[in-house]
Structure formats: C-alpha cells, structure tokens
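Q: Provided below for reference: sequence and predicted model.
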Amino acid sequence: MDLKSSHVSPVLTDPVPVNKSRLGIHSSVFSYSQQDSTPATPGKYTRTGSRKGVGNLDDVRSNGWLDAMKASSPPRKKLVKGSNTTNTQLTHFDSDIEDYNSWMRDYPSALDSFDNLIDRAKDKKIALFLDYDGTLSPIVDDPDSAFMSEAMRATVRDVAKYFPTAIISGRSRDQIIELVKLRHLYYAGSHGMDIIGPACEALFGNHPNCVKSTDHQGKEITVFQPAKEFLPMIDEVFRTLVEITKDIKGAKVENHKFCASVHYRNVDESDWITVGQRVHDMLKNYPRLRSTHGRKVLEVRPVIDWNKGKAVEFLLESLGLTEREDVIAIYIGDDKTDEDAFKVLRENKRGYGIVVSSVRKESNAFYSLRDPSDVMKFLQLLLNCKTQQDTHQKQSLSLAL
C-alpha cells in the first residue's frame, strides 16, 4: 500500500469537535456551495416517504434498499427454553440451535479455537483491532447509552500494554475517545476517516493527509483525515436528515463528523420504508455521498476509496508492521462495516477476523464470538497467554544467568 501517493487531500488542522450530544436541532437547511450538491427540500416529503409511484426503480421497495435494511438488521433470537414453551416453539428452538451450530462449523468459536489460533501466532507480534458497538459494548436501543463495562475497559487497557491496539468505529473519533476513556490506544472514527495517534515520525511519518496537532490537554498528537473536504457537506446533510425524519417516531440522527447516521432501531418496522425512501431521495442531491447499511442504521458517507479495511492497512503500514513476517493482525467486530477489515486480513493473509454474532450471518471472518462478554473472555485469554510467556522468558533468562 503506497501511502505517500494515495488519498492526497490536504489536512491542515484538526477540526473543532462535534457537539457532545450530536443530536440535531430541527433548523432550516443551509446551502452548500458546490454545484453538484443542491440541498434537499424537506417540504417535499410526506408521510408516504416517497414522491415516486409503487414499482418505480426509485422506490426503495423495488431497488433493493428496503431488503438491504432488513438483511442488515436480523432479529436477535434468544435461544432459551422455558417451562411455557409450546411444541411448535420447541421445534423452532431446535431448528435455530441446529442452524447456529451449522454456522459455527464454518465460523468456529474463537474461544474454543484459542489454542489453535495461538499456535498459528507463535513467535509473532499480535496487532489488535476492535470495533466498539456490539463488540466492546452491548447493542442498546439508545446509541448514547452504549457504555462499555469497567471490567471491559480494564481488560482493553491491560491488553494495550502488550499489543498495539486500535479502536475502529463508525462513531466520531471524539465520541469514541469519550466512551472508551483510555490513552495509549489508536483511535479511528467515522469508519477510519479520522485516525488519531501519538505524534511520532515512526507512526505516520510525512504522509500528506497527516498533521501534527495538540489535544485538549496540550499533548502533541497526529491526525489523519482523508475526507476533510467533505466536512461542510456532511454537516449540511446531517441537518437535512434531522429535518426530513423529525416526524418519524423513534428515528434518530447522529453527526459522526465524516458521516451521518440515521438509526431506525426504535422505528416501527412498518415505517422503515419511510426512513429508507427519504434518505434515498435526499442522496439524489448529493452524488458525492453514498449510503451504507449497518445494524438498524443507514450511514451517509463520502464516496472515497476508504473504509475500515483501508484503516487497518494504513495503521499496519504506519506502525511499520506491513512488511514484517512476524506480525499477525486480529480484528474483532460485529457489523457489516467490519467486513471490509475482515476481507483485507483474509485476502492478504495478514491475520484473522472474528465476527461477533449470536445468529447466523455470512462473513469474511475466520472465527466467531457470541457477544461482548465472549469478546472480553477472548481478550483476557490473550492477556493471560502473553503474561505467562513473559514470565516463562524471565525465568529462562534467570536460569541462564
């Protein structure tokens, strides 16, 4: 990956952080100066959510958008038998168990396969990449309440003492730092479009998209932002999305600096078509933006060749780990956006993706974990393995002396 010739949009300063609440105020939409980005007019939208007739290719029921929204948001099944379970429910329960067990044969548990994985990583340096929502914290109805436990925070802090560790999230970089509350990590917000790390030449060198800045405590940091030019456009789109979804009960819009998210987790499923249609119609006015589907969320982001997989490649390169044969990367994530990272590791044979899911889903990952509690167990196993190795090495060195 030639970092010095790719993605050369200049980054001059670290922008002012997004307001902590990130929730929009229903205000008028201001114009964006570029000719190809005429702002949408909220007044054109109605409760039907579409200005097109049924069957038109611009209708989300016909162009695949609604199907993609449903496919990206599988129901979370609880595989628990109760005393009041009927025979029909038992049949479905057994079917779900068999379906999940079949899936597990293709994506073995990273806990059950830990010894095998560690054998493959023997004498190699591990680089660790972690998603946040659904991986370090549970999925909750309110994104502002997705807090990681203190036990998880302590585990990640200890793991980062031994392995280069990065948090790569769709949330804004400022928000993810606020939620994780740990130093000595690398943070990549907005799906890797906003990466921050210690200011040192060995980390980012003289890459054209990198600048040195200072954090709120006056400490020198390095920031990488390949999509800085899109900031005014994303801010405008955020305001537009707030306006056109304000009458949809349960819809929530967030500004993640380099992308805007429309959450429909708390929207009645009968209204998903309204959410999808309005976002779809708005994007016609922004050809330089696209929408991707996450777990009950539509994310509007710039059309650039950048994603979580590119962020992993960038961090490995800038840490000086790409050309080394003694490095293995492990990426743990639960969402569709993490698949880009899984794919990079699989295709380049750089390491292993671990998908976090309690239901069957197709993935580019090698292994699986059920939920954040399993993620913490896996990280603790890594930590214990490393500390045992260090203890053994110290004892061997002592005997040799």
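A: Nice, I can see it. Note that the coordinates shown come from a computational prediction; the quantities given were computed from them, not determined experimentally.

Q: could you use CA atoms for every contact and neighbour count after this?
A: Noted.

Q: list of residues touching stretch 364-372?
A: The set of residues external to stretch 364-372 that reach it, using Cα atoms under 8 Å, 6 or more residues apart in numbering, is 104, 107-111, 134-138, 339, 342-343, 346, 352-358, 375.

Q: how many residues are close by residue 221?
A: When neighbours are defined as other Cα atoms under 10 Å, residue 221 has 16 of them.

Q: can you tell me how far it is from residue 390?
A: Counting by Cα to Cα, to the nearest Å, the gap from residue 221 to residue 390 is 31 Å.

Q: follow-up on the earlier one: in helices only, show me the contacts of stretch 364-372.
A: The helices, defined by DSSP state H, take in 104, 339, 342, 343, 346, 375 from the contacts of stretch 364-372.

Q: so residue 301 bridges to which residues?
A: With DSSP bridges as the criterion, residue 301 is bridged to residue 290.

Q: and it, what does it touch?
A: For residue 301, the contacting residues are 234, 258, 259, 260, 289, 290, 291, 292, by Cα under 8 Å, 6+ apart.

Q: off-centre distance for stretch 239-259?
A: Taking Cα atoms, centre = their mean, to the nearest Å, one finds the center of stretch 239-259 at 19 Å from the center of the full chain.

Q: pretty sure residue 242 sits in a helix.
A: Yes: looking at residue 242 with DSSP: H, G, I helix; E, B strand; the rest coil, it is inside a helix.

Q: near it, how many other residues are there?
A: Residue 242 is flanked by 24 other residues according to other Cα under 10 Å.

Q: what separation do you get for it and residue 294?
A: Residue 242 is 19 Å from residue 294, by Cα to Cα.

Q: same check, this time on residue 258
A: According to Cα to Cα, residue 258 stands 16 Å off from residue 294.

Q: can you give me the helices for the stretch 251-400 of the chain?
A: 272-283, 308-318, 339-347, 372-400 (DSSP state H, counting those that start in this stretch).

Q: among those, which is nearest residue 166?
A: helix 308-318 (8.5 Å; Cα to Cα).

Q: pLDDT of the closest one, averaged?
A: The pLDDT scores in helix 308-318 average 90.

Q: which elements pack onto that helix?
A: If contacts are counted by 3 or more Cα pairs under 8 Å, 6 or more residues apart in numbering; DSSP states H and E, helix 308-318 sits against helix 201-204, helix 339-347.

Q: tilt between that helix and helix 339-347?
A: Interaxial angle, helix 308-318 versus helix 339-347 (axes from the mean of the first three to the mean of the last three Cα atoms, to 10 degrees): 60 degrees.

Q: returning to what we had before: wait, which of the contacts of residue 301 is closest to residue 115?
A: Closest approach between the contacts of residue 301 and residue 115, by Cα to Cα: residue 292, at 36.0 Å.

Q: report how many residues lie close to the closest one.
A: 16.

Q: per-residue pLDDT, residue 93?
A: If you check residue 93, the pLDDT there is 47.

Q: and residue 292, by the same measure?
A: Residue 292 carries a pLDDT value of 88.

Q: wait, it touches residue 299, no?
A: Yes: the pair residue 292 / residue 299 is scored as a contact, 5.3 Å apart, by Cα atoms under 8 Å.

Q: quick check: residue 377 vs residue 181, distance?
A: The spacing between residue 377 and residue 181, counted by Cα to Cα, is 20 Å.

Q: coming back round to it: now a ChimeraX select for only the buried ones of the ones in helices among the contacts of stretch 364-372.
A: This is the ChimeraX syntax for the buried subset of these, where burial follows 16 or more other Cα atoms under 10 Å:
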select :104,339,342,343,346,375
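
Q: make a markdown table from the ones in helices among the contacts of stretch 364-372 and add pLDDT and distance to residue 157 to it.
A: Shown next, in a markdown table, are these (pLDDT from 0 to 100; distance: Cα to Cα, whole Å):
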| residue | pLDDT | distance to residue 157 |
| --- | --- | --- |
| 104 | 83 | 30 |
| 339 | 96 | 25 |
| 342 | 98 | 23 |
| 343 | 97 | 27 |
| 346 | 95 | 27 |
| 375 | 98 | 14 |
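
Q: go through the ones in helices among the contacts of stretch 364-372 and name the one nearest residue 153.
A: Of all these, residue 153 sits closest to residue 375, with 11.9 Å by Cα to Cα.

Q: contacting residues around that closest one?
A: Neighbour list for residue 375: 135, 136, 356, 369 [criterion: Cα under 8 Å, 6+ apart].

Q: ok, the second one touching residue 148?
A: Spelled out, it's residue 136. Yes: with contact defined as Cα under 8 Å, residue 136 and residue 148 form a contacting pair (5.9 Å).
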